[in-house]
Each structure stands twice: as C-alpha cells, then as structure tokens.
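[1] have a look at this prediction, sequence included:
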Amino acid sequence: MSQTITVKIKLLPTKEQDLTLTNMSKMYISTINNLVSEMAKEKKVTKKSSKNIDVPLPSAVKNQAIKDAKSVFKKAKKTKFETVPVLKKPVCIWNNQNYSFDLTHISMPIMIDGKAKKTPICALLVDKDNRNFDLLKHKLGTLRITKKADKWIAQISVTIPTVQGTGVKVMGVDLGLKVPAAAVTDDEKVRFFGNGRQNKFKKRKFRSVRIALGKKKKLNAIRSSKDKEQRWMEDQDHKISRAIVNFARDNKISVIRLEQLANIRQTTRTSRKNEKNLNTWSFYRLSQFIEYKANLEGIKVEYVNPAYTSQTCPDCSEKNKTKDRKYRCKCGFTKHRDLVGAMNIRYAPVVDGNSQSA
C-alpha cells in the first residue's frame, strides 16, 4: 500500500530568478489555454510535441504543459464543450526527471538568456524536525511552483509506502467547535485537542479587522486578511491532527474512528453565537489531515454513522439531551459531553466509503 502527499517548500529566488519564474509561470498557463482552445475548436486531442510549440520554455516544461492541456480538454469534452475551462493562476510544473535537490537548493531547468539551463534556487528544504527532507527520500512526482502572497512555494508530490497495522486497539475522535477534538481509546485513555475558545477569539478578531477595512473600502486588504485567516486555520488543523495521530501512535492504536461528515453542520452542537464559526470551519480538512497522517503511521481510519453518538449513554444506551458541557444520564453516568461522543464513536457502525464534504 502507498499514499501520495504533497510536500510544500518555501523558495528564496534571487530578483533575476523571481522575474524568470514569473514569466515562465504566465507562459505555462498561456500555453495550456492556447492548446485547450485549439483542441476544443477541432474537437480532438492535439498531436503536437514540444518541438511544435514555439514558446520560451524548457522542452520538459512544454511536455508537461501538453499533458495538462489534454487533461483540461477531457473535462471540456465531458460537458460537450459547453464550458471550456480557462486557467488563470500562474504556475509552472516540472516532471520528476527534471529537478533535483540538496539540503539548501532545488535545481530545475529555467530560461536564461533564451536557453534552458538547470539552475539551483535557494529553498528551505530542512525544517526543525528534518521532516521535509525525510519525506523527499521516497518516490517523487511532479514539482509545481506557484507564487502566494509574494512568496514562491514549491510543491512536490511524494508517494510513500504505508504498512497497515494488525492490532485491534480502537480510538474514537469527536470533532467540534468548543473542543476541536476529543479522543477516547478503548482502554479509556482520554485527551482533548486544540483550544476552541482561542480559535473563536482569533476568528472574531479577523472578522472585526475586515469590517473596519470594509468601511474604508480596502478590498485588497480584505482579501489578504481572508487568505491569512485560511492559512491560520489550516495550520491549526495540521497541529491538531498531528497531536491526535501522535497520541494514537503512543497508545499503540491500530484504528481511529471519526464521524462521517455528511450533514455535520446540521448535527454539530452549537449556539447562535457559534453559528458563524460553524459555517467557516473545515471539519472535512481536519479529518483528511488526520487520515493521511494516520496512514503514514500504519493506523487505519474508519468513518462511522454519527446518529445519536452525542446523546446515547455509553453505560445503559438511553438517549439524553444535554444543555451544558456535562452529560448526565438517569442511570447515574456523567461525563464531559464531547467524551461521550468519542466513546460512542469507538463502537458505532462503520459506514462504507469516504467521508463527504463538510
């Protein structure tokens, strides 16, 4: 078994390299759009090779552009050419035979004085845990370079072999807002993850800043604020998912169970003051982060039917609704209500297939 993930690396090009990458990225997208337009007009796949495309790009990059254009053309063909996609975001892609790296640089062919020359570009390949460099020891795929918020990012697809564990220890994880994640193992070890109150404060602060910017009609600043909030939310999901998987690994868990995410916005416990946070938080992304990190550790992830997991008493199976953070049952059972959800998720019926978008 194997899993493909994307490793993101920050690039630090010189001013000349920055200009070259900018021009190449724009030319790459333009080449794809022109090829797609030609294919849509003729209603057939192009037979052009890199020799037939007269643009200032390395031949390997031209070949990758042809592959991407054919992929876009297939999408247009499915709609019977009613909609022909037009790519807008500048990007440049090299296949795995045309780039290399060491501890400090990524080298790929770029255009210099009208000719393709393999050039090293400074990159932050090594993080504090050496994790990026360790991941890049596996089978590499394409190298994709984009510019985000005036920063160049290299994205390398990596295929990593995974070995599924053979144990039977199960852990249930309940996702929410006030408590981003609560986990219970089948031997009753408990852990809460994330800080819902801090997340709520941070998002409220982002919203208030955008309201002030809106009054001043600073649209670019508003978009920048939204991007910054999304990056912050993604970082929180990475940290929480890493902590959950580490907790599972340390407790020799072989299966993590999560709620299937269909209709989670209708079933998640919330109040009117939390409604805005519920509609903007990506439960799906967090579950996906948990799944791919768990798979790398050989831990299986299963999705269960979420019906009544937060209402059913784990001791007597009676259904009770809670009004505060404490779950109470007539049989005398009491527990933090998010832990009740996680306890029931451990043994809820497993549904077939992947989770749905939240």
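    Right, received. Where do you want to start?
[2] Lys335 contacts Tyr327, doesn't it?
    Yes - counting by CB atoms under 8 Å, Lys335 does reach Tyr327; the two are 5.2 Å apart. All C-beta atoms are positioned from the backbone trio N, CA, C, and that covers glycine.
[3] higher neighbour count, the two?
    Between Lys335 and Tyr327, counted using other CB atoms under 10 Å, the more crowded position is Tyr327 (23 against 19).
[4] that one contacts Asn344, doesn't it?
    No - using CB under 8 Å, Tyr327 is not in contact with Asn344, being 10.6 Å away.
[5] low pLDDT regions in the stretch 51-200 of the chain?
    By pLDDT under 70, the low-scoring segments of the stretch 51-200 of the chain are 126-131, 163-167.
[6] let's see it at 50
    For the stretch 51-200 of the chain, no stretch has pLDDT under 50.
[7] which parts of it are strands?
    92-94, 100-101, 105-112, 115-122, 139-148, 151-161, 170-175, 181-185, 190-193 (DSSP state E, counting those that start in this stretch).
[8] reformat those strands as CSV; add mean neighbour count.
    Formatted as CSV, these follow (neighbours: other CB atoms under 10 Å):
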stretch, mean neighbour count
strand 92-94, 23
strand 100-101, 18
strand 105-112, 19
strand 115-122, 15
strand 139-148, 17
strand 151-161, 16
strand 170-175, 25
strand 181-185, 24
strand 190-193, 17
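[9] so which of these is nearest Lys10?
    When the strands of the stretch 51-200 of the chain are compared by CB to CB, strand 151-161 sits nearest Lys10, at 6.3 Å.
[10] which residues in the stretch 201-350 of the chain form strands?
    Using DSSP E, counting those that start in this stretch, the strands of the stretch 201-350 of the chain run over residues 255-259, 300-304, 326-328, 334-336.
[11] got a list of what the closest residue to Pro90 other than its chain neighbours touches?
    Leaving aside its sequence neighbours, Pro90 sits nearest to Ser25 (CB to CB, 6 or more residues apart in numbering; 3.6 Å). When contacts are counted by CB atoms under 8 Å, 6 or more residues apart in numbering, Ser25 touches 90-92, 145-147.
[12] ok, the residues you listed vs Ile53, which is closest?
    Using CB to CB, the contacts of Ser25 come closest to Ile53 at Cys92, 14.6 Å.
[13] does the closest one really touch Thr22, like I thought?
    No - assessed by CB under 8 Å, Cys92 is found out of contact with Thr22, at 9.5 Å.
[14] so what's the most centrally placed residue in the chain closest to, chain neighbours aside?
    Centroid-nearest residue in the chain, with CA atoms, centre = their mean: Arg285, separated by 5.9 Å. In this structure, Arg285 finds its nearest non-sequential neighbour in Asp237, 5.4 Å apart by CB to CB, 6+ apart.
[15] what does Ile32 give?
    With sequence-adjacent residues excluded and distances taken as CB to CB, 6+ apart, Ile32 is closest to Ala69, at 4.7 Å.
[16] list the contacts of that neighbour.
    31-32, 35-36, 39, 46.
[17] of the residues you listed - the most surrounded one?
    Of these, with other CB under 10 Å as the count, Ile32 tops at 25 neighbours.
[18] contacts only, for that residue.
    Counting by CB under 8 Å, 6+ apart, Ile32 touches 65, 68-69, 72, 87.
[19] look at Asn274 and report its pLDDT.
    Reading off the confidence values, Asn274 has pLDDT 46.
[20] next one: the longest helix along the chain to chain centre, how far?
    Longest helix in the chain, counting residues (DSSP state H): helix 219-250. With CA atoms, centre = their mean, to the nearest Å as the basis, helix 219-250 stands 10 Å off its chain's centre.
[21] do stretch 54-73 as well
    Worked out by CA atoms, centre = their mean, stretch 54-73 lies 26 Å from the chain centre.
[22] and Lys26, how far is that from Asn246?
    In this view, Lys26 and Asn246 are 42 Å apart by CB to CB, to the nearest Å.
[23] ok, His336 next?
    22 Å.
[24] look at these two and report which has more neighbours.
    Between His336 and Asn246, counted using other CB under 10 Å, His336 has the larger neighbour count: 16 against 13.
[25] nearest residue to the more buried one other than its sequence neighbours?
    Per CB to CB, 6+ apart, closest to His336 is Arg325, 6.2 Å.
[26] got the contact list for the one you found?
    178, 336-338.
[27] before we move on, back to that, indicate which one of the strands of the stretch 201-350 of the chain is closest to Pro120.
    Nearest of the strands of the stretch 201-350 of the chain (CB to CB): strand 300-304, 38.9 Å.
[28] any idea of the angle the closest one forms with strand 255-259?
    30 degrees (axes from the mean of the first three to the mean of the last three CA atoms, to 10 degrees).
[29] buried residues in strand 300-304?
    Using 16 or more other CB atoms under 10 Å as the test for burial, strand 300-304 gives 300-301, 303-304.
[30] please name the residues that touch Lys148.
    Lys148 neighbours (CB under 8 Å, 6+ apart): Asp227.
[31] could you do Gly341 as well?
    Applying CB under 8 Å, 6+ apart, we find Gly341 in contact with 172, 174, 176, 182, 259, 309-310.
[32] try it again at 7 Å.
    174, 309-310 (CB atoms under 7 Å, 6 or more residues apart in numbering).
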